[in-house]
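Peer 1: Okay, here's the prediction I keep looking at, along with the sequence it came from:
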Amino acid sequence: MLPAFRNEPLTDFSLPENQKAFSAALERVKAQIGRTYDLVINGQSVTANATMASINPARPAEVVGTFASGDASHADAAIAAATTAFESWRKVSVEERARYLLRAAAEMRRRKHEFSAWMVLEVGKTWNEADADASEAVDFLEYYARQALRIADSSHQLEEFPDEQLGLYYIPLGVGAVIPPWNFPCAIPAGMIASALVTGNTVVFKPAEQSPAIGWQVCELFWKQGLPAGVLNFLTGPGEIVGARMVEHPHTRFVSFTGSREVGVRIYETAAKVQPGQKWLKRAILEMGGKDAVVVDETADLEAAAKGIVASAFGFQGQKCSAGSRAIIVDAVYDQVAARVTELARAITVGAPDTAWNWGMGPVVDTEALDKIVRYIEIGTNEGTLLTGGHTLETPEGGYFLEATVFGDVPADGRVAQEEIFGPVLALIRADNFDHALEIANGTEYGLTGAVFSNDRARLEQARRDYHVGNLYFNRKCTGAMVGVHPFGGFNMSGTDSKGGGPDYLLLFTQAKSVAERL
Ligand code: NAD
């Protein structure tokens, strides 16, 4: 019997001893950057003809790691290894599979600052953001271990059928293509891998191109617990080559994907096509982007609302699927809230996150992201009024830094109010009244997270019913879902609402088998 699940506490970096411990972890990790990594297929190191470098976005000349750039043949080999390994892994008891997760959680907890430090260096997370990511990874491991044990209870005895002994078994699917994004590079891979493995599936894991070093750290953590060869294969390479082949392969049984709408939709289409030699309909578990909004009405605590808007918009430089990149404010309090949001956004400090614990924002992840955000800032300047920010920040080392940027009076159908920018750009939208605000909030193709700041009971009930998002928050920010507390996943073009960190999630990686034995 395991103790009840509890979320991993976050680190208080205002305490000097925690700052010291984290700095020491950063130094340890800095001593490890620049290594070369192979693919790992069937427990063996495999090299590729080409390599790809992962860099520190605060200092692009600093190579965090050099990785093999795999191709379709490597994807085929990895899927073959995972297919063979599945035959024995599926027979391993759920208790044993859960123990791999629990051991991995214990080790990650002990080395949490190191995992966080990799994120500071490879994707530019501030210390708090990195710590939240690593803590969430621990949570996924602990939570899914418990959920797997819960759903493994096969007893299904019915009083009116005393002559049959009944069983309902949630058996694994097979080989999974696990394809995460870079923005939660520890928690999302840990959760996606753990959920697939603990339910008895085998995995070919392809980290995002921007965060392979953290992906490696997560895989190594699992391997170190003694996972049999072939159960978890590590494959780096371009998504459109390696990832595409993993999705297309006839022996892939399911795809677990988190990433952009564009790639998710493509995967959905490819996975739906039955390939020659394929014996099943692939399952596609897809979590995609968002254009999330914070709604504020005239009854709200306006100071709390302004702080909630800014925290939702600019945490991790706005690079969260849950980021509140729109704030929809009723006309009666719009000017007041806009002024305070502008003031708070202007005060956000920006710097290389390995140099201090308390930067407000670090860099955005790469030069493509920077260019895309700059293009949206140009669009926003035409669509609304630039209230603060709007500039890139030059540093001697050429990091990808931008100011926190706020546009006011953006039309609800403007591009910066409709398209996912994935950067520190916030669109303020003026609404006539609360009904109008909700209509605007629902007026994109996404439906991931949302928040409402209001003290009107009836309006909160209205939003509870009509605000069409997978994760809705009242009188708080729209980011920061906690495992086991706020099951996470979105509607419409935000994905298949798979609700990671929730009690139903693991069922997605299983198929139910009903067995009746005549007594
Ligand atoms: P992305 O879609 O560019 O890449 C995601 C992954 O897909 C990467 O590993 C990439 O290599 C791979 N990939 C690319 N092309 C592929 C192809 N043709 N076939 C198979 N795989 C392919 O996304 P990103 O830039 O890494 O991440 C940011 C996006 O992720 C944002 O849109 C964000 O909203 C979304 N996201 C969603 C959630 C959620 O839970 N809904 C969580 C985090 C991030």
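Peer 2: In hand now; what should we look at?
Peer 1: The residue nearest to residue 51 when sequence neighbours are not counted: what secondary structure?
Peer 2: Counting by CB to CB, 6 or more residues apart in numbering, the nearest residue to residue 51 once its immediate chain neighbours are dropped is residue 66, at 5.1 Å. Heads up, the C-betas are built off the backbone N, CA and C, glycines and all. What DSSP: H, G, I helix; E, B strand; the rest coil gives for residue 66 is strand.
Peer 1: Distance check, the closest residue to residue 224 other than its chain neighbours against the ligand.
Peer 2: Leaving aside its sequence neighbours, residue 224 sits nearest to residue 107 (CB to CB, 6+ apart; 7.1 Å). For residue 107, the distance to the ligand equals 24 Å [CB to the nearest ligand atom, to the nearest Å].
Peer 1: Ramachandran angles for residue 107?
Peer 2: phi -70, psi -40 (degrees, to the nearest 10).
Peer 1: Pull up the residues of this structure that are close to the ligand.
Peer 2: Taking CB under 6 Å from any ligand atom as the contact definition, the chain meets the ligand at 179-184, 206, 208-209, 239-240, 243-244, 247, 258-260, 263, 266-267, 287-290, 321, 420, 422, 448, 490, 494-495.
Peer 1: In helices only, show me these.
Peer 2: Cross-referencing these against helices under DSSP state H gives 244, 247, 263, 266, 267.
Peer 1: hang on, the earlier thing: the residue nearest to residue 51: neighbour count?
Peer 2: Neighbour count for residue 66, taken as other CB atoms under 10 Å: 17.
Peer 1: list the contacts for it?
Peer 2: 34, 35, 36, 37, 51, 52, 53, 54 (CB atoms under 8 Å, 6 or more residues apart in numbering).
Peer 1: buried subset of the ones in helices among the residues of the chain next to the ligand?
Peer 2: 244, 247, 263, 266, 267 (16 or more other CB atoms under 10 Å).
Peer 1: so after the lengthiest helix in the chain, what's the next helix or strand?
Peer 2: For the chain, the helix with the greatest residue count under DSSP H is helix 127-151. Per DSSP states H and E, the first helix or strand lying C-terminal to helix 127-151 is strand 164-172.
Peer 1: That next one relative to helix 127-151, how many degrees between them?
Peer 2: 150 degrees (axes from the mean of the first three to the mean of the last three CA atoms, to 10 degrees).
Peer 1: hey, where'd the helices end up in the stretch 351-500 of the chain?
Peer 2: 367-383, 415-418, 434-441, 457-466 (DSSP state H, counting those that start in this stretch).
Peer 1: hmm, who's touching the shortest one?
Peer 2: When contacts are defined by CB under 8 Å, 6+ apart, helix 415-418 is touched by residues 291, 326, 376, 379-380, 383-384, 407, 410-411, 425, 427, 429, 444-445.
Peer 1: Make a ChimeraX selection of the buried ones in the residues you listed.
Peer 2: Buried subset of the contacts of helix 415-418, written as a ChimeraX selection, criterion 16+ other CB under 10 Å:
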select :291,326,376,379,380,383,384,407,410,425,427,429,444
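Peer 1: tell me the contacts of residue 115?
Peer 2: 108, 130, 134, 137, 186, 214, 217, 218.
Peer 1: Please tell me how far whichever strand or helix holds it is from the chain's geometric centre.
Peer 2: When elements are assigned from DSSP H and E, residue 115 belongs to helix 112-123. Mean C-alpha position of helix 112-123 versus that of the full chain (CA atoms, centre = their mean, to the nearest Å) differs by 16 Å.
Peer 1: Stretch 412-430 now?
Peer 2: Worked out by CA atoms, centre = their mean, stretch 412-430 lies 21 Å from the chain centre.
Peer 1: what's the average pLDDT for that stretch?
Peer 2: When pLDDT is averaged along stretch 412-430, the result is 98.
Peer 1: Likewise for stretch 84-100?
Peer 2: 98.
Peer 1: Only alpha carbons, please: show that stretch as PDB.
Peer 2: C-alpha atoms of stretch 84-100 as PDB (Å, rounded to 0.1, in the frame of the first residue of the first chain):
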ATOM      1  CA  THR A  84      10.200  -7.300 -29.600                       C
ATOM      2  CA  ALA A  85      10.500  -5.900 -26.100                       C
ATOM      3  CA  PHE A  86       6.700  -5.500 -25.900                       C
ATOM      4  CA  GLU A  87       6.300  -9.300 -25.800                       C
ATOM      5  CA  SER A  88       8.000  -9.600 -22.500                       C
ATOM      6  CA  TRP A  89       7.300  -6.100 -21.000                       C
ATOM      7  CA  ARG A  90       3.500  -6.600 -21.400                       C
ATOM      8  CA  LYS A  91       3.800  -9.600 -19.100                       C
ATOM      9  CA  VAL A  92       5.700  -7.800 -16.300                       C
ATOM     10  CA  SER A  93       3.300  -7.200 -13.400                       C
ATOM     11  CA  VAL A  94       1.900  -3.700 -12.800                       C
ATOM     12  CA  GLU A  95       3.500  -3.600  -9.400                       C
ATOM     13  CA  GLU A  96       6.900  -4.100 -10.900                       C
ATOM     14  CA  ARG A  97       6.300  -1.600 -13.600                       C
ATOM     15  CA  ALA A  98       5.000   1.000 -11.000                       C
ATOM     16  CA  ARG A  99       8.200   0.400  -9.000                       C
ATOM     17  CA  TYR A 100      10.400   1.700 -11.900                       C
END
